[in-house]
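In: Return a 3D structure for these sequence lines:
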Amino acid sequence: MNPITSALTPSATTMNRLDHANVLATFQQYRASSRPQFEFGLVNSTYMALMRDVLRHVAEEETVRLPEAERLLQDHLAELRSQMMKRRLQLVAPRTADTAVNLARALPIPSIALLAGATVAGLLLGRQMTRD
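Out: Numbering: from 1, shown residues only. So this is what the prediction gives:
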């Protein structure tokens, strides 16, 4: 970036803070005591707003922030990846069962049936091959 663009463009940290503040503000619109019709509409609009924000945020990170970070931190990337993976596992480990249940709920029924059929077929084939 040239000096003028740098002066006019917010830093990555500022952009992250703004994104997170926007998500928090969207969540704060929801009140547990609201009427069910209001809650349903708000949840739908909140969900769509959050999805828009997250998709834009991820796209910006992948196209702007990460390439710049890779350029600046190229000597430390392996160590940072290792630390991030370790932290991700620490965060996910206590919720593994919830994640599996939610993943199963999200899969379409035909995919589940296909996976179950392939598993049964594989087991039967393996059993047949061990008998021979």
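
In: for the helix or strand hosting residue 111, packing partners?
Out: Assessed by DSSP states H and E, residue 111 sits inside helix 109-131. If contacts are counted by 3 or more CB pairs under 8 Å, 6 or more residues apart in numbering; DSSP states H and E, helix 109-131 sits against no helix or strand. For the C-beta atoms, the positions are set from N, CA and C on the backbone; glycine is no exception.

In: Could I get the average pLDDT for that helix?
Out: Averaging pLDDT along helix 109-131 gives 82.

In: Restrict it to CA atoms and write it as PDB.
Out: What follows is helix 109-131, C-alpha atoms only, in PDB (Å, rounded to 0.1, in the frame of the first residue of the first chain):
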ATOM      1  CA  ILE A 109     -31.000 -38.000   4.800                       C
ATOM      2  CA  PRO A 110     -29.900 -39.400   1.400                       C
ATOM      3  CA  SER A 111     -26.300 -38.800   2.300                       C
ATOM      4  CA  ILE A 112     -26.700 -40.500   5.600                       C
ATOM      5  CA  ALA A 113     -28.400 -43.500   3.900                       C
ATOM      6  CA  LEU A 114     -25.600 -43.600   1.300                       C
ATOM      7  CA  LEU A 115     -23.000 -43.600   4.000                       C
ATOM      8  CA  ALA A 116     -24.800 -46.200   6.000                       C
ATOM      9  CA  GLY A 117     -25.200 -48.400   2.900                       C
ATOM     10  CA  ALA A 118     -21.500 -48.000   2.000                       C
ATOM     11  CA  THR A 119     -20.500 -48.900   5.500                       C
ATOM     12  CA  VAL A 120     -22.700 -52.100   5.600                       C
ATOM     13  CA  ALA A 121     -21.500 -53.100   2.100                       C
ATOM     14  CA  GLY A 122     -17.900 -52.600   3.200                       C
ATOM     15  CA  LEU A 123     -18.400 -54.700   6.300                       C
ATOM     16  CA  LEU A 124     -20.100 -57.500   4.400                       C
ATOM     17  CA  LEU A 125     -17.400 -57.400   1.700                       C
ATOM     18  CA  GLY A 126     -14.700 -57.500   4.400                       C
ATOM     19  CA  ARG A 127     -16.400 -60.400   6.200                       C
ATOM     20  CA  GLN A 128     -16.700 -62.300   2.900                       C
ATOM     21  CA  MET A 129     -13.100 -61.800   2.000                       C
ATOM     22  CA  THR A 130     -11.900 -63.000   5.500                       C
ATOM     23  CA  ARG A 131     -13.900 -66.300   5.100                       C
END
